[in-house]
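Undergrad: Pasting the sequence and the predicted coordinates here, then a few questions.
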Amino acid sequence: MTDAAQDAPQPWDATQDYYKGPVVMRRSKVPDSTTDQRLLDSRGPADWVHTDPWRVMRIQSEFVEGFGALAELGPAVSVFGSARTKADDPTYALGERVGAALVHAGYAVITGGGPGAMEAANKGACGAGGTSVGLGIELPFETGLNEYVDLGVNFRYFFARKTMFVKYAQGFIVLPGGFGTLDELFEAITLVQTQKVTSFPIVLMGTTYWQGLIDWLKSAALGAGTISAKDLDLITLTDDVDEAVGTILAADRGREVDAPEGSGTHAE
Ligand SMILES: C/C(=C\CNc1ncnc2c1ncn2[C@@H]1O[C@H](COP(=O)(O)O)[C@@H](O)[C@H]1O)CO
């Protein structure tokens with residue numbers, strides 16, 4: 001070892017400050033090996049690859065892969081809905097019609113790539129000759145991307161995937177669904193309400209299914225003052241496919257008028 005190397009504080013020297021990038025560690029927090037040692041010492045424990053700093057790299061790679069795969073998608077609409085909708089359910093037929101109508105209006109269709117209502121929208125888009133996208137999610141019970149997805153990206157993290165649904169879409173169409181669908185719906189509403197995305201239409205399809213939720217929002221949430229009346233205007237409720245697609249087209253046209261050329265709909 002050179003003199004300089006001997007003088008340098010050893011990572012396990014708990015009497016000295018230990019610096020790892022912006023992080024300072026002292027006393028019991030001083031690690032007993034360096035990052036390089038853990039990288040190069042193949043006999044050492046491999047547990048560190050399962051730590052949060054390492055996860056950040058995987059998370060980053062999901063964003064990079066997602067952005068790369070979808071960058072040239074063009075105008076698109078994200079369609080959500082239950083993974084459990086059966087092919088003989090009227091909602092499945094509605095999903096197919098929505099997928100096809102969006103393609104005819106010039107949009108690519110993005111779904112979660114799974115079964116049920118997602119599959120229906122992908123089937124409609126694929127059958128209409130449009131771009132059918134599936135953003136799959138790794139789940140303990142693997143279902144894989146449905147057969148109507150032409151461009152698929154699989155994600156490990158829900159939050160990375162959810163960014164793609166918003167970033168690459170001009171609006172959301174939400175078919176009847178459970179917790180996953182509700183999560184996607186309320187994330188979108190929150191982003192619009194807080195102006196993280198602007199001019200972003202959200203259409204609920206299936207008046208019978210969604211009316212109870214809208215009624216509850218009006219009576220309980222609006223009544224308690226936890227939301228404002230204009231927040232409810234963010235949502236369009238319809239059974240009509242043409243009205244759903246028309247709402248997205250109208251918002252697109254409004255955006256063209258309001259926004260200077262080249263400005264996006266998504267705040268950073
Ligand atoms: C339940 C089953 C499979 C689940 N597979 C999924 N694949 C892809 N995306 C999914 C899946 N499950 C939920 N999602 C996402 O949430 C929404 C649907 O959730 P819900 O609780 O069913 O409403 C959907 O939009 C997806 O983005 C086996 O049948």
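TA: Received, thanks. Every value quoted in this text rests on a predicted model; they were computed, and no experiment measured them. Numbering: from 1, shown residues only.

Undergrad: which residues sit in contact with the spatially most central residue of the chain?
TA: When Cα atoms, centre = their mean is applied to the chain, the residue found nearest the centroid is residue 162 (0.8 Å). Applying Cβ atoms under 8 Å, 6 or more residues apart in numbering to residue 162 gives the contacts 184, 187. C-beta coordinates here come from the backbone N, C-alpha and C atoms, glycine included.

Undergrad: Distance of it relative to the ligand?
TA: For residue 162, the distance to the ligand equals 8 Å [Cβ to the nearest ligand atom, to the nearest Å].

Undergrad: Please apply the same query to residue 68.
TA: For residue 68, the distance to the ligand equals 21 Å [Cβ to the nearest ligand atom].

Undergrad: quick one, phi psi at the nearest residue to residue 158 once chain neighbours are set aside?
TA: Nearest residue to residue 158, sequence neighbours excluded (Cβ to Cβ, 6 or more residues apart in numbering): residue 137, at 6.2 Å. Backbone torsions of residue 137, given as degrees, to the nearest 10, read phi -130, psi 140.

Undergrad: And the pLDDT at residue 137?
TA: With respect to pLDDT, residue 137 has a value of 91.

Undergrad: Surely it touches residue 155?
TA: Yes: assessed by Cβ atoms under 8 Å, residue 137 is found in contact with residue 155 at 5.4 Å.

Undergrad: residues contacting residue 240?
TA: Residues near residue 240 by Cβ under 8 Å, 6+ apart: none.

Undergrad: The stretch 1-150 of the chain: helices as residue ranges?
TA: With DSSP state H, counting those that start in this stretch as the criterion, the stretch 1-150 of the chain has helices at 3-7, 35-40, 52-70, 90-104, 117-127.

Undergrad: Can you tell me which residues in the stretch 1-150 of the chain are near the ligand?
TA: 80-84, 112-115, 118, 136-137, 139, 143 (Cβ under 6 Å from any ligand atom).

Undergrad: As a markdown table, those residues with distance to residue 175 would be great.
TA: Output for those, formatted as a markdown table (distance: Cβ to Cβ, whole Å):
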| residue | distance to residue 175 |
| --- | --- |
| 80 | 7 |
| 81 | 3 |
| 82 | 7 |
| 83 | 11 |
| 84 | 12 |
| 112 | 11 |
| 113 | 15 |
| 114 | 13 |
| 115 | 13 |
| 118 | 9 |
| 136 | 18 |
| 137 | 18 |
| 139 | 20 |
| 143 | 18 |
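
Undergrad: which of these are buried?
TA: The neighbour-count criterion (16 or more other Cβ atoms under 10 Å) marks 80, 81, 82, 83, 112, 113, 114, 115, 118, 136, 137 among these as buried.
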